[in-house]
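**Student:** Sequence below, structure please.
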Amino acid sequence: MSSVYDWFQERLEIQAIADDITSKYVPPHVATGFAMTFYYRPTVTEAFASVEYLMTEVNFGWLIRSVHRWSASMMVLNMILHVCRVYLTGGFKKPRELTWVTGYSLPWDQVGYWACKIVTGVPDAIPVVGGLIVQVLRGGVSVGQSTLTRFYSAHTFVLPVVAAVLMLTHFVMIRKQGISGPL
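**Tutor:** Numbering: from 1, shown residues only. Below you'll find the model as predicted:
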């Protein structure tokens, strides 16, 4: 096992990367999202009721969901501010080009349903393949259980994994190349 570790350590400096990653804090929306998975039921008939139950019956459920929603919004705001700073300081220029590439629907209430219907319908405007893309996104011709299941899977697994991989790549490249300019 030591030789495998040494091989990776020599090429990727994995200990420095591991030390760097473990020194970071876990955003509140990750912890609260994990907590909410114990109560949320991703079915068309039970999704709204499960969110309502979490908000009204579970001890501090209202707080868990509120922290999840607000911290996720703050994460998006911070990401937008970060992208603006990188753009204004030229942080996307050589050699940092790759570094640059970096839950409305889940309550299944009226807002979630219509947001899903509208957003998944947008690709229909694409000639030839638009209809196929809409069916893949929805899991069928119309918005329903398959759509909710796909959005839940994307929200709890696919997007977090993709985001983690992109952020890890982003952090490794920053570690290797440094920050482009003043913060």
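
**Student:** residues near the nearest residue to Tyr5 once chain neighbours are set aside, how many?
**Tutor:** Spatial nearest neighbour of Tyr5, chain neighbours left out: Ile14 (7.6 Å); criterion: CB to CB, 6 or more residues apart in numbering. Quick note: C-beta positions are derived from backbone N, CA and C, even for glycine. Residues within reach of Ile14, counting by other CB atoms under 10 Å, total 14.

**Student:** so Ile14 touches Val4, yeah?
**Tutor:** No: Ile14 lies out of contact with Val4 (CB atoms under 8 Å); the separation is 10.6 Å.

**Student:** Quick check: the gap between the nearest residue to Val143 once chain neighbours are set aside and Leu106.
**Tutor:** Among residues not flanking Val143 along the chain, Lys117 sits closest, at 4.8 Å (CB to CB, 6+ apart). Distance of Lys117 to Leu106, computed by CB to CB, to the nearest Å: 15 Å.

**Student:** Check which helix or strand Ser3 maps to.
**Tutor:** In this structure, Ser3 is located in helix 2-12 according to DSSP states H and E.

**Student:** For the top helix by length along the chain, buried residues please.
**Tutor:** Using DSSP state H, we find that the single longest helix of the chain is helix 61-89. For helix 61-89, the neighbour count (16 or more other CB atoms under 10 Å) marks 61, 64-65, 67-68, 71-72, 86 as buried.

**Student:** Show me which parts of stretch 14-23 are buried, residue by residue.
**Tutor:** Ile17.

**Student:** before we move on, back to that, and the helix holding Ser3, what does it pack against?
**Tutor:** Judged by 3 or more CB pairs under 8 Å, 6 or more residues apart in numbering; DSSP states H and E, helix 2-12 is in contact with helix 14-22.
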